[in-house]
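[1] Quick one: sequence plus predicted model below, questions after.
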Amino acid sequence: MAKILVTGGTGYIGSHTVVELFNAGYEVVVVDDFSNSDPKILDQIEQISGQKPVFVQLDLCNEQEVNLFAQAHQDIEGIIHFAAFKAVGESVQNPLKYYRNNFYSLINILTAFNSRIQLVFSSSCTVYGQPDQLPVTEVAPVKKAESPYGNTKQIAEEILQETCAVTPDLKVIALRYFNPVGAHASALIGELPIGVPQNLVPFITQSAIGKRGAITVYGNDYNTADGSAIRDYIHVVDLAKAHVAAIKRLENSTAANYEVFNVGTGKGSSVLEIIHAFEQSTGEKLNYVIGARREGDIEQIYGNVSHSNEVLGWKAELGLEEMMSSAWNWEKYLRDNPF
């Protein structure tokens with residue numbers, strides 16, 4: 001099977017994707033700088049899969065280092081590019097950090113591999129902004145980003161599309177995914193935020209286990225059934241499998257060399273619904289308070305995923321109960337086995 005490079009492969013989504021690549025029979029090379037992950041994840045991956053990826057610690061923003069890496073690994077046939085900063089709130093407070101990291105890393109990879117590679121790009125539903133119609137499809141207009149993070153995804157897609165237009169040998173699939181949550185069924189890998197979690201579910205689990213105080217629901221005056229914001233939550237294992245499906249399409253497809261797919265469940269859930277789902281799945285009572293809306297957030301979004309279902313041959317299989325219970329099992333594992 002082909003050798004696949006996973007950038008940011010010790011991160012949350014990256015580590016789960018490495019496991020699914022191994023399950024599908026691929027060889028895997030991981031690069032990461034551990035800016036938002038932990039080296040122990042490599043051992044956890046080995047415990048799950050019985051295999052350990054080739055690993056190179058690398059700052060993808062360093063052009064010379066990336067060029068040397070590409071020269072030493074010329075047998076890499078595909079790349080799944082996760083390595084990017086991703087917290088909406090932090091990007092509003094520190095935009096240059098996001099523009100530097102998220103652009104330089106992508107440009108350096110394309111340059112080092114001579115733009116002749118099969119690449120799956122980790123994009124985001126944030127490119128849609130607040131959609132005019134729901135569920136949002138891949139042909140919906142890309143709107144002005146609500147945050148620097150969202151803007152990096154929009155511009156990165158433009159970089160890839162324009163490069164594909166003049167580079168027939170470059171084949172790219174951009175996966176616009178929604179809100180990944182949950183953890184591997186083994187409870188050996190999961191979301192590992194550094195410092196105070198920026199995302200809802202890890203804050204919920206840390207609050208439930210006593211690491212954090214009350215959960216803040218950012219706004220209860222949105223135009224939704226319960227007033228809280230709505231997102232399309234997808235289990236991280238389902239999301240990881242979508243990346244494997246994308247690699248397989250790039251290997252076998254004669255389609256256009258730039259394609260975009262939504263990756264979600266097609267169903268929106270509110271913040272308060274997620275809180276209640278966690279309580280029902282785990283039996284743990286949560287303490288939460290209502291706060292002001294958070295800058296950079298949109299009211300609601302969930303995706304139409306029929307294109308992914310039909311063309312990629314992929315479909316989300318795990319529901320909210322599995323998402324919440326697996327996230328809780330991972331949090332309890334971390335309590336008993338701290339990193």
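    In hand now; what should we look at?
[2] From the contact counts, what lies against the host helix or strand of Met324?
    Assigned by DSSP states H and E, Met324 belongs to helix 320-336. Other elements packing on helix 320-336 under the criterion 3 or more C-beta pairs under 8 Å, 6 or more residues apart in numbering; DSSP states H and E are strand 179-181, helix 200-209, strand 233-235, helix 271-282. For the C-beta atoms, the positions are set from N, CA and C on the backbone; glycine is no exception.
[3] got the contact list for that helix?
    181-185, 187-192, 201-202, 204-206, 208-209, 233, 235, 269, 274, 277-278, 280-282, 284 (C-beta atoms under 8 Å, 6 or more residues apart in numbering).
[4] Just the buried ones among the residues you listed, please.
    Among the contacts of helix 320-336, the ones that count as buried by 16 or more other C-beta atoms under 10 Å are 181-184, 187-192, 201-202, 204-206, 208, 233, 235, 269, 274, 277-278, 281-282.
[5] Skipping adjacent residues, who's closest to Pro135 in space?
    Of all residues not flanking Pro135 in the chain, Asn304 sits nearest, at 4.0 Å (C-beta to C-beta, 6 or more residues apart in numbering).
[6] re earlier: next, format the helices and strands packed on helix 320-336 as JSON lines and append distance to Arg293 and mean pLDDT.
    Listed next are those as JSON lines, based on distance: least, C-beta to C-beta, whole Å; pLDDT from 0 to 100:
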{"stretch": "strand 179-181", "distance to Arg293": "17", "mean pLDDT": "97"}
{"stretch": "helix 200-209", "distance to Arg293": "14", "mean pLDDT": "97"}
{"stretch": "strand 233-235", "distance to Arg293": "20", "mean pLDDT": "98"}
{"stretch": "helix 271-282", "distance to Arg293": "11", "mean pLDDT": "98"}
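[7] Which secondary structure element of the protein has the lowest mean pLDDT?
    When each helix and strand of the chain is scored by mean pLDDT, DSSP states H and E, helix 88-93 comes last, with a mean of 86.
[8] my read: the residue nearest to Pro135 touches Lys267, true?
    No. Judged on C-beta atoms under 8 Å, Asn304 makes no contact with Lys267 at a distance of 10.8 Å.
[9] residues in contact with Ala229?
    Residues in contact with Ala229, defined by C-beta under 8 Å, 6+ apart, are Tyr218, Gly219, Tyr222, Ser270, Val271, Asp297, Ile298, Glu299, Gln300.
[10] State the distance from the residue lying closest to Ala214 once chain neighbours are set aside to Ile209.
    Nearest residue to Ala214, sequence neighbours excluded (C-beta to C-beta, 6+ apart): Asn287, at 4.5 Å. As for Asn287, its distance to Ile209 is 12 Å (criterion: C-beta to C-beta, to the nearest Å).
[11] Just the mean pLDDT for stretch 182-196, thanks.
    Per-residue pLDDT values across stretch 182-196 average out to 95.
[12] Going by neighbour count, which residues in stretch 85-104 are buried?
    For stretch 85-104, the neighbour count (16+ other C-beta under 10 Å) marks 85-92, 98-99, 101-104 as buried.
[13] List of residues touching stretch 302-315?
    Contact with stretch 302-315 is made by 125, 134-138, 176, 178, 230-232, 241-242, 245-246, 249, 259, 261-268, 316, as judged by C-beta under 8 Å, 6+ apart.
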